[in-house]
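# Pasting the sequence and the predicted model now:
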Amino acid sequence: MKFSELVRLLEGNGFRIIKEKGSVRYYGKHGWDKLVRVDYHGSKEVPTGTCHAILKAAGIKR
């Protein structure tokens, strides 16, 4: 999965960018108390462990 696909998946589940500094983006949504950190790198592939950790932090089952 590429970073752009991961962001699309997060946004499809109601997450929006809360803050951004450089290539680091923090996503959140109403009713979710934790921010989800994504080190965005565009069209590069997301390492498998990183992808699983981000999805777990967002509460998304895949």
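Alright, I've got the coordinates. Numbering: from 1, shown residues only.

# for this structure, what spans make up the strands?
16-21, 24-28, 36-39 (DSSP state E).

# Give the other helices and strands that the first one contacts.
Yep, that's strand 16-21 we're talking about. In terms of contacts (3 or more Cβ pairs under 8 Å, 6 or more residues apart in numbering; DSSP states H and E), strand 16-21 is packed against strand 24-28. Every C-beta, even on glycine, is put in place using the N, C-alpha and C of the backbone.

# so what strands line up beside the strand it packs on?
Strand 24-28 pairs in its sheet with strand 16-21 (antiparallel), strand 36-39 (antiparallel), by DSSP bridges.

# thinking again about what came up before, save the strands of the chain as a markdown table, and put in mean pLDDT too.
Listed next are the strands of the chain as a markdown table, based on pLDDT from 0 to 100:
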| stretch | mean pLDDT |
| --- | --- |
| strand 16-21 | 95 |
| strand 24-28 | 96 |
| strand 36-39 | 94 |
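
# would TSV of those with mean neighbour count be doable?
What follows is the strands of the chain, written out as TSV (neighbours: other Cβ atoms under 10 Å):
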stretch	mean neighbour count
strand 16-21	11
strand 24-28	17
strand 36-39	17
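
# where's the residue located most distally from the centre of the chain relative to Gly59, distance?
Going by Cα atoms, centre = their mean, the residue of the chain most distant from its centre is Gly31, 16.4 Å out. Counting by Cβ to Cβ, to the nearest Å, the gap from Gly31 to Gly59 is 11 Å.

# same question, Gly28
From Gly28 to Gly59 the distance is 12 Å (Cβ to Cβ).
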